[in-house]
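Undergrad: coords please:
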Amino acid sequence: MIGGGYVGLVSAACFAEFGIEVAVVENSPARLAALRKGQIPIYEPGLDKLVESNMQAGRLSFGDDITAAVKDAEAVFIAVGTPPRNGDGAADMQYVHAAAQQIARSLTNYAVVVTKSTVPAGTSRRIAEIIRATRPDADFDVASNPEFLREGSAIGDFMRPDRVIIGLDKTAPDGGARAEAVMRKVYRPLSLIEAPLLFTSLETSELTKYASNSFLAVKISFINEMASLCEKLGADVHDLAKGMGLDGRIGRKFLHPGPGYGGSCFPKDTLALSRIGQEAGSPCRLVETTVQVNDARKIGMAGRIIAACGGSAEGKTIAILGLTFKPETDDMREAPSIPILHRLAEAGAKLRAFDPVGMEVAAPMMPPTTTYCTDALDAAKGADALVVLTEWNVFRALAPKALVETMKGKVVVDLRNIFDPAAMRAVGLEYQSVGRP
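TA: Coordinates of the predicted model:
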């Protein structure tokens, strides 16, 4: 497994749990040192125990020697980062290409070189070209195997997937049969529980990941726009979402309104798919618009909070509950809290924030004047207004009366709809949520 980041680490630990011997190659000295000690540099429920048990069993190891890791390997997975390229949003492929060159120099026997990273269509063929140019004598095939892991439930997603997509080189002399046999061997434990294994062409597999994430992003942005419309018309977006979601053609998932999507996938993948479409001469206008709608949504939430504070945040103390882009993770990438808190700080607000696991990661991205608190009520202490940005379960248990007794003001802006409006207003709080009367 080339890359010990989120995707590489979760995938490696789960493959090891299948009984496969897995060597993870990580070139960051600090991250490697932590992993070798069993210290997990990311927050993912259950991952620490999974890594520990498989290290003790001798199935999972960490190192920085790619030659030693690749030697005698039947499958080599590339799980390095593909961040958006500055300027145009296209995926930056330098780390993938560098990994391909290193793998080529290290191959000793036949192996399938598998791309786990989210990459544009055509990348697997480009990897094959790089390997052939570097090692004309190398015996290998390429495959695409995108991940579909949700942060906070990644282990369950890997062990009990909706589907496993595997792209093969159908133009190879054997039609990809040799590579398919290796990949079926790797995923045999999932076949035994009848998880769907879908074999496609390389390009189809690569594009499926972008299409899936972009569709979900469109769905989120749609329900956010419906929430805004509900506010204008006096409708309830929760009932609306339920009415839509009970239609089997639509489904209930990802119909939860909020301050906009964030994280490591949706923002990056919608930008990348937009760029892929432009370069292919087939623009993805719906996806391009979704990117714009989501960016505007995040900025608009700051304006909503300021309006709730009477039109000015100058000198107001605002309690912030939640910083990460979603609960059960410490991931701050593209989190709505980043633009929202900076806009509030620019407006003169004093910010008191609490997040159960994300404060250390968040601190470098937040306004320097932000005060970090020990719990939710500590953040609410003396606050003129309280804002919910992440729907951590611990926040749902807050008693409205406790907020009244702790806060100085009465304004509560719930951007995740975790509280009961009637209960909040019954104790005198000026409660606002998203898309609900």
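
Undergrad: The helix or strand residue 166 falls within pairs with which strands, and in what direction?
TA: According to DSSP states H and E, residue 166 maps onto strand 164-168. Counting by DSSP bridges, the strands paired with strand 164-168 are strand 140-144 (antiparallel), strand 197-201 (parallel).

Undergrad: I'd like those strands laid out as JSON lines, including mean neighbour count.
TA: (Glycine included, C-beta is placed from N, CA and C.) Converted to JSON lines, the strands paired with strand 164-168 look like this (neighbours: other C-beta atoms under 10 Å):
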{"stretch": "strand 140-144", "mean neighbour count": "24"}
{"stretch": "strand 197-201", "mean neighbour count": "16"}
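
Undergrad: would you turn those into a markdown table with mean pLDDT?
TA: Formatted as a markdown table, the strands paired with strand 164-168 follow (pLDDT from 0 to 100):
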| stretch | mean pLDDT |
| --- | --- |
| strand 140-144 | 98 |
| strand 197-201 | 97 |
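
Undergrad: Tell me which of these lies nearest to residue 98.
TA: strand 140-144 (16.1 Å; C-beta to C-beta).

Undergrad: Would you mind identifying the next helix or strand past the closest one?
TA: helix 154-159.

Undergrad: ok, residues contacting that next one?
TA: 6, 10-11, 13-14, 17, 44-47, 50, 147-150, 190 (C-beta atoms under 8 Å, 6 or more residues apart in numbering).

Undergrad: isn't residue 436 right up against residue 237?
TA: Yes: the criterion here is C-beta atoms under 8 Å, and residue 436 meets it with residue 237 at 6.3 Å.

Undergrad: Walk me through the domains of the protein.
TA: Domain assignment of the chain by automatic domain parsing yields the ranges 6-195, 210-295, 301-432.

Undergrad: Turn the ones you listed into CSV, including distance to residue 204.
TA: Below are the domains of the chain laid out as CSV (distance: least, C-beta to C-beta, whole Å):
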stretch, distance to residue 204
domain 6-195, 6
domain 210-295, 10
domain 301-432, 27
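
Undergrad: and of those domains, who's closest to residue 202?
TA: The nearest among the domains of the chain, by C-beta to C-beta, is domain 6-195 at 4.3 Å.

Undergrad: Pull up the distance across that closest one, start to finish.
TA: End-to-end span of domain 6-195 (C-alpha to C-alpha, to the nearest Å): 23 Å.

Undergrad: Give the buried residues for the lengthiest helix in the chain.
TA: In the chain, taking DSSP state H as the definition, the longest helix is helix 202-233. Residues of helix 202-233 classed as buried under the neighbour-count rule (16 or more other C-beta atoms under 10 Å) are 202-210, 212-224, 226-227, 230-231.

Undergrad: mind checking pLDDT for the residue nearest to residue 81 when sequence neighbours are not counted?
TA: If you skip the residues right next to it in sequence, residue 81 has residue 95 as its closest partner in space, 5.7 Å away by C-beta to C-beta, 6 or more residues apart in numbering. Listed pLDDT for residue 95 reads 93.

Undergrad: Same check on residue 82?
TA: 87.

Undergrad: for it, what are its contacts?
TA: 91-93, 95-96, 117-119, 268, 272.

Undergrad: again, 6 Å this time
TA: Taking C-beta atoms under 6 Å, 6 or more residues apart in numbering, we find residue 82 in contact with 91, 117-119.

Undergrad: now those in JSON lines, with distance to residue 360 and secondary structure?
TA: Shown next, in JSON lines, are the contacts of residue 82 (distance: C-beta to C-beta, whole Å; DSSP: H, G, I helix; E, B strand; the rest coil):
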{"residue": "91", "distance to residue 360": "28", "secondary structure": "strand"}
{"residue": "117", "distance to residue 360": "26", "secondary structure": "coil"}
{"residue": "118", "distance to residue 360": "26", "secondary structure": "coil"}
{"residue": "119", "distance to residue 360": "30", "secondary structure": "coil"}
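
Undergrad: Most neighbours of all the residues you listed, which one?
TA: residue 117 (27 neighbours; other C-beta atoms under 10 Å).

Undergrad: give the contact list for that residue.
TA: 78-80, 82, 96.

Undergrad: now the stretch 301-437 of the chain, which segments are flagged as low pLDDT?
TA: Scanning the stretch 301-437 of the chain for pLDDT under 70 picks out no residues.

Undergrad: quick one: which of residue 436 and residue 237 has more around it?
TA: residue 237 (25 against 18).

Undergrad: Isn't that one up against residue 257?
TA: Yes: assessed by C-beta atoms under 6 Å, residue 237 is found in contact with residue 257 at 5.3 Å.

Undergrad: Show me whatever sits in contact with both of the two.
TA: 227, 435.

Undergrad: quick one: residue 403 is in a helix?
TA: Yes: checked against DSSP: H, G, I helix; E, B strand; the rest coil, residue 403 lies within a helix.

Undergrad: ok, it - contacts?
TA: residue 380.

Undergrad: Compute the distance between it and residue 29, please.
TA: Noted for residue 403: a distance of 45 Å to residue 29, by C-beta to C-beta, to the nearest Å.

Undergrad: ok, of the contacts of residue 117, which come out buried?
TA: Among these, the ones that count as buried (16+ other C-beta under 10 Å) are 78-80, 82, 96.

Undergrad: quick one on the thing from earlier: looking at the contacts of residue 117, which is nearest residue 195?
TA: residue 79 (20.0 Å).

Undergrad: roughly how far apart are that closest one and residue 127?
TA: 13 Å.

Undergrad: wait, doesn't residue 113 sit right on residue 76?
TA: Yes: Residue 113 is within contact range of residue 76, at 5.1 Å (criterion: C-beta under 6 Å).

Undergrad: what do the two both touch?
TA: Common neighbours of residue 113 and residue 76 (C-beta under 6 Å, 6+ apart) are residue 103.

Undergrad: and these two? which has more neighbours close in?
TA: A side-by-side neighbour count of residue 113 and residue 76, using other C-beta under 10 Å, places residue 113 first with 27 against 23.

Undergrad: what secondary structure does the more buried one sit in?
TA: strand.

Undergrad: Does it have any beta-bridge partners, and if so which?
TA: Beta-bridge partners, per DSSP bridges, of residue 113: residue 76, residue 142.

Undergrad: wait, what's in contact with it?
TA: Residue 113 is in contact with 76, 103, 140, 142, counting by C-beta under 6 Å, 6+ apart.
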